[in-house]
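> what shape does this take:
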Amino acid sequence: MSSTNKLNKTRNIGFIAHIDAGKTTVTERVLYFAGRIHKIGGVDQGTTAMDWMEQEKERGITITAAATNCSWNGYNINVIDTPGHVDFTAEVERSLRVLDGGVVVLDAVAGVQSQSETVWRQADKYQVPRICFINKMDKVGSDLDRVMQSIVRRLRANPVAIQLPWGTEAAFKGVIDLIERKAYSYPEEGEQIPTEHPVPDDMKDEVEKYRATLVEKISELDDELMLKYLEDAEITNQEIKTALRKATIKNKIVPVLVGTALKTKAIQPLIDAINEYLPSPLDVPAIIGKETKTGNEVERKPSADEAFSALAFKAVTDPFIGRLIYFRSYSGTVKSGAMVINSSTGKKERIGRIVKMHANTKADVDVVEAGDIAAAVGLKGTSTGDTLCDDSAPVLLESISFPEPVVSVAIEPKTRSDQDKMSEALIKLSDEDPTLRVSYDEEIGQTVLSGMGELHLDIIVDRMLREFNVEGNVGQPKVAYREAIRVPSKAEGKFVRQSGGHGQYGHVKIEVEPLDSDKPFEFEDKIKGGNVPKQYIPAVRKGLQQALGVGPVAGYPVVGVKAILVDGSYHDVDSSEVAFTVAGSMAMKEALNRAKGYLLEPVMNLEVTSPGDFLGEVVGDLGRRRAQVKNIDAIDDTQLIFASIPLAETFGYANTLRSLTQGRASFSLEFSAFEEAPKSVVEMQQAI
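Prediction:
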């Protein structure tokens with residue numbers, strides 16, 4: 001098979017969704033029908049191929065993105081099963097950065113949920129084409145039309161059904177293909193081989209109505225089809241599929257399929273749709289990078305003739321073979337044993353072994369070509385987001401950005417012998433997880449872990465015990481507050497020390513301005529006439545940034561600050577980088593004190609699903625937690641409450657909600673933004 005033909009028949013896809021929508025179950029069935037696994041596992045039993053971590057098996061959730069590959073009708077499909085819980089959103093972020101297409105799994109009753117919106121936005125950010133699979137069509141209350149409406153309303157997408165469910169709820173027995181006008185039923189037990197039927201008489205009108213909508217939507221996006229449509233000429237099934245593929249790849253339309261993964265119904269058509277409508281590496285725009293020497297933009301096409309370039313998107317510590325680096329190859333080829341350059345660090349690295357992953361099992365391969373996903377052993381200095389490339393044509397690809405941590409806990413080793421082991425464990429865990437921050441608080445003499453939520457940090461502590469045999473005492477979770485400034489200000493920092501002989505001299509004048517809080521820090525150099533020599537400018541910037549670590553309001557890091565270096569002076573003998581770093585820090589502290597600082601607290605989007613009987617109690621409790629209820633939707637007797645709530649008020653909410661609703665309600669959280677904290681919170685933080 002030629003390289004181009006092989007790429008044409010390659011799909012790099014991920015399953016993404018809200019927690020409990022059924023991603024892992026769908027992935028399991030896809031792998032089973034593709035012959036990658038020979039026995040179907042269950043999430044509840046902890047026997048799925050992709051949820052291999054002990055914590056995943058015990059909790060029935062996906063924690064880490066697992067990669068595998070399979071074949072279907074001559075196509076090679078690289079699959080990544082991603083987590084649905086908001087605490088592990090970084091796993092989705094780095095997966096979507098390297099994938100060409102996505103399958104968004106939605107619950108047929110709940111429709112679009114909070115984390116569905118998050119992963120959709122992440123896919124939009126990387127312009128990843130998607131198809132939707134509406135799962136659990138056999139559940140009571142399943143409704144295709146309602147889910148389609150929620151896709152339009154909450155995701156602002158353009159969905160088009162290419163299948164209809166045959167039967168509803170417990171009577172769901174198969175699907176009707178709107179393009180081919182054929183019905184397929186699936187047995188309750190046995191080999192799950194579909195049986196083809198003509199469209200049932202009682203559904204013919206509905207099928208024609210939905211098919212007309214499908215043809216109309218596609219025709220609007222294709223000039224040739226629009227001409228045929230207006231002339232009432234016959235549009236063939238193949239023309240519909242070709243136009244649908246083009247529109248999907250351009251992110252103009254989202255094909256929608258239905259099924260139930262748990263009952264193993266309508267999985268084969270989903271795999272066909274992945275091949276039919278999601279892009280190959282040749283269908284997506286070539287990756288853009290920057291030449292390391294010139295800084296000029298350069299395009300790297302997915303071809304074996306181009307120089308090798310790849311992006312490392314995940315680091316994992318394997319107990320048997322050491323550190324594994326997952327990478328997506330964008331151009332050229334690389335062989336095991338090859339020398340490459342890490343253009344992010346400028347250092348050369350040797351790829352010892354290359355393996356293809358199936359969850360946590362590995363198979364050695366000799367070569368990786370453009371468009372492929374694999375893992376390398378032996379890359380000691382490579383981290384998440386680094387670029388690997390050919391030494392003869394170095395290029396720097398866009399890295400991966402991750403959200404800031406919002407929750408912190410203090411941790412200390414239980415015994416003296418655990419001290420060194422804990423440091424080693426945390427270094428390895430933070431290497432794997434870019435959203436885990438490890439710092440040392442000198443005031444309390446404790447190590448502080450910062451992460452995306454209580455569950456995230458709970459898993460980290462659990463992994464320390466199981467994988468590294470380190471026990472720790474963990475404090476209560478704390479909110480990672482931030483500070484910001486209201487008004488511009490000016491300040492001057494002058495550091496002069498004379499103690500006989502060589503002294504220290506640094507002098508700077510700065511102006512600071514407020515920025516949006518999502519922009520941590522910007523620096524501008526407006527020095528004229530060499531009042532601060534160029535070699536000291538980086539030292540000044542370093543001092544300015546260091547001072548932002550402790551804010552004037554309650555001692556939290558300051559964000560959203562632009563610093564402008566406008567003037568200063570130096571001494572021919574006594575000036576040094578250290579002196580200008582200290583002067584920069586002094587100036588920033590003074591400027592912050594004059595800039596009317598205020599406290600920011602992380603605010604979360606909250607979605608509560610509750611029986612109608614308990615609506616009053618749930619809303620009343622939210623009011624006591626400083627939550628703002630934005631909307632309440634009803635699905636039959638179930639109430640969906642959408643609110644924003646300060647993170648500080650969510651600790652212990654699971655237990656409260658359980659007791660208020662007799663264990664019948666559930667909720668999900670996702671980070672929304674940092675907002676100004678009220679006076680009572682400021683006073684409480686100042687008192688700590």
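> all strands for the stretch 551-688 of the chain, in order.
Using DSSP state E, counting those that start in this stretch, the strands of the stretch 551-688 of the chain run over 561-569, 597-611, 628-635, 638-646, 666-676.
> repeat that for the stretch 1-150 of the chain.
So, for the stretch 1-150 of the chain - with DSSP E, counting those that start in this stretch - the strands run 10-17, 66-72, 75-81, 101-107, 130-135.
> okay, now the sheet partners of the longest one, with direction.
It refers to strand 10-17. strand 75-81 (parallel), strand 101-107 (parallel) (DSSP bridges).
> in JSON lines, list the strands of the stretch 551-688 of the chain along with mean pLDDT.
Below are the strands of the stretch 551-688 of the chain laid out as JSON lines (pLDDT from 0 to 100):
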{"stretch": "strand 561-569", "mean pLDDT": "93"}
{"stretch": "strand 597-611", "mean pLDDT": "89"}
{"stretch": "strand 628-635", "mean pLDDT": "88"}
{"stretch": "strand 638-646", "mean pLDDT": "90"}
{"stretch": "strand 666-676", "mean pLDDT": "84"}
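> quick one, grab the pLDDT at residue 440.
Here, the pLDDT recorded for residue 440 equals 78.
> so it: helix, strand or coil?
strand (DSSP: H, G, I helix; E, B strand; the rest coil).
> what's the burial count for it?
10 (other Cβ atoms under 10 Å). For the C-beta atoms, the positions are set from N, CA and C on the backbone; glycine is no exception.
> ok, it touching residue 448?
Yes - assessed by Cβ atoms under 8 Å, residue 440 is found in contact with residue 448 at 7.1 Å.
> just to revisit the earlier point, export the strands of the stretch 551-688 of the chain to a markdown table and tack on mean neighbour count and distance to residue 534?
Shown next, in a markdown table, are these (neighbours: other Cβ atoms under 10 Å; distance: least, Cβ to Cβ, whole Å):
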| stretch | mean neighbour count | distance to residue 534 |
| --- | --- | --- |
| strand 561-569 | 20 | 11 |
| strand 597-611 | 21 | 31 |
| strand 628-635 | 13 | 50 |
| strand 638-646 | 19 | 45 |
| strand 666-676 | 18 | 35 |
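> and the strands of the stretch 1-150 of the chain: which comes nearest residue 610?
strand 101-107 (16.1 Å; Cβ to Cβ).
> and that closest one with strand 130-135, angle?
30 degrees (axes from the mean of the first three to the mean of the last three Cα atoms, to 10 degrees).
> what lies in contact with strand 101-107?
Contact with strand 101-107 is made by 11-18, 20-23, 26, 96, 112-113, 116, 119-120, 123, 128-136, 139, 147, 151, 254, 270, 274, 278-279, as judged by Cβ atoms under 8 Å, 6 or more residues apart in numbering.
> report the central residue of the protein.
residue 93 (2.2 Å; Cα atoms, centre = their mean).
> nearest residue to it other than its sequence neighbours?
residue 122 (5.7 Å; Cβ to Cβ, 6 or more residues apart in numbering).
> distance of the one you found from residue 592?
Distance, residue 122 to residue 592, using Cβ to Cβ, to the nearest Å: 34 Å.
> residues of the helix or strand where residue 256 lies that come out buried?
Element membership for residue 256, per DSSP states H and E: strand 254-258. By 16 or more other Cβ atoms under 10 Å, the buried positions in strand 254-258 come out as 254, 255, 256, 257, 258.
> show me what residue 312 is bridged to.
Residues in beta-bridge contact with residue 312 (DSSP bridges): residue 327.
> that one touches residue 327, doesn't it?
Yes - using Cβ under 8 Å, residue 312 makes contact with residue 327 at a distance of 4.8 Å.
> what segments of the stretch 101-250 of the chain are helices?
114-125, 144-155, 204-219, 223-230, 237-249 (DSSP state H, counting those that start in this stretch).
> got any ranges where the protein has weak pLDDT?
Applying pLDDT under 70 to the chain flags the ranges 1-3, 41-63, 84-86, 189-191, 359-360, 441-445, 499-501, 688.
> list the helices and strands the lengthiest helix in it packs on?
With secondary structure taken from DSSP state H, the chain has its longest helix at helix 577-594. Judged by 3 or more Cβ pairs under 8 Å, 6 or more residues apart in numbering; DSSP states H and E, helix 577-594 is in contact with strand 489-497, strand 504-514, helix 537-547, strand 561-569.
> by how many degrees do the second one and strand 597-611 diverge?
Read that as strand 504-514. Angle of strand 504-514 versus strand 597-611, following the same axes, to 10 degrees, is 50 degrees.
> which strands and helices lie in contact with strand 504-514?
By 3+ Cβ pairs under 8 Å, 6+ apart, strand 504-514 packs against strand 482-485, strand 489-497, strand 561-569, helix 577-594.
> what's the following helix or strand after that strand?
Next element after strand 504-514 (DSSP H and E): strand 521-525.
> dump that next one to CSV, keeping only the CA atoms.
The C-alpha trace of strand 521-525 is given here as CSV (Å, rounded to 0.1, in the frame of the first residue of the first chain):
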residue,chain,number,x,y,z
PHE,A,521,1.5,38.9,32.9
GLU,A,522,2.7,41.1,30.1
PHE,A,523,6.0,43.0,29.9
GLU,A,524,7.0,45.9,27.7
ASP,A,525,10.4,47.6,27.4
